[in-house]
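> The sequence and its predicted three-dimensional model are supplied below.
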Amino acid sequence: MPYVTVKMLEGRSDEQKKALVEKVTEAVVETTGASKEKVVVFIEEMQKQHYAVAGKRMSDN
């Protein structure tokens, strides 16, 4: 049973997340041969103040 975790910053719509889950599931099925019913996708959204690049939080931009 493939498990996929997608970590991304908050702010995407429900429609975008739905499309992401569908496309990731399709890619896993296509590349691994796993059945669609066995693919599990987790979306972990990070708050912008909890994510930094080059010493600056994304919320500070």
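Looks like it arrived, so ask away.
> Residue ranges in this structure under the pLDDT threshold?
Within the chain, the set of residues satisfying pLDDT under 70 is empty.
> how about the strands in it?
3-9, 40-46, 52-53, 56-57 (DSSP state E).
> and the angle for the first one with strand 40-46?
Read it as strand 3-9. Computed by axes from the mean of the first three to the mean of the last three C-alpha atoms, to 10 degrees, the angle separating strand 3-9 from strand 40-46 equals 20 degrees.
> What helices and strands are in contact with strand 3-9?
Counting contacts by 3 or more C-beta pairs under 8 Å, 6 or more residues apart in numbering; DSSP states H and E, strand 3-9 is packed against helix 14-32, strand 40-46. In short, each C-beta sits where N, CA and C put it, glycine included.
> quick one: that strand to chain centroid distance?
3 Å (C-alpha atoms, centre = their mean, to the nearest Å).
> Direction included, what does it pair against?
When pairing is defined by DSSP bridges, strand 3-9 lines up against strand 40-46 (parallel).
> Show me the contact partners of the strand it pairs with.
1-10, 12, 17, 20-21, 24-25 (C-beta atoms under 8 Å, 6 or more residues apart in numbering).
> Number of residues surrounding Thr25?
19 (other C-beta atoms under 10 Å).
> Now the nearest residue to it once chain neighbours are set aside. Its backbone dihedrals?
Excluding the flanking residues, the one nearest Thr25 by C-beta to C-beta, 6 or more residues apart in numbering is Val39, at 4.8 Å. Here is the backbone geometry of Val39 (degrees, to the nearest 10): phi -90, psi 130.
> quick one, which of the strands of the chain is nearest to Gly33?
Gly33 lies closest to strand 3-9 among the strands of the chain, at 15.1 Å (C-beta to C-beta).
> which residues sit against that closest one?
20, 24, 28, 39-48, 51, 58.
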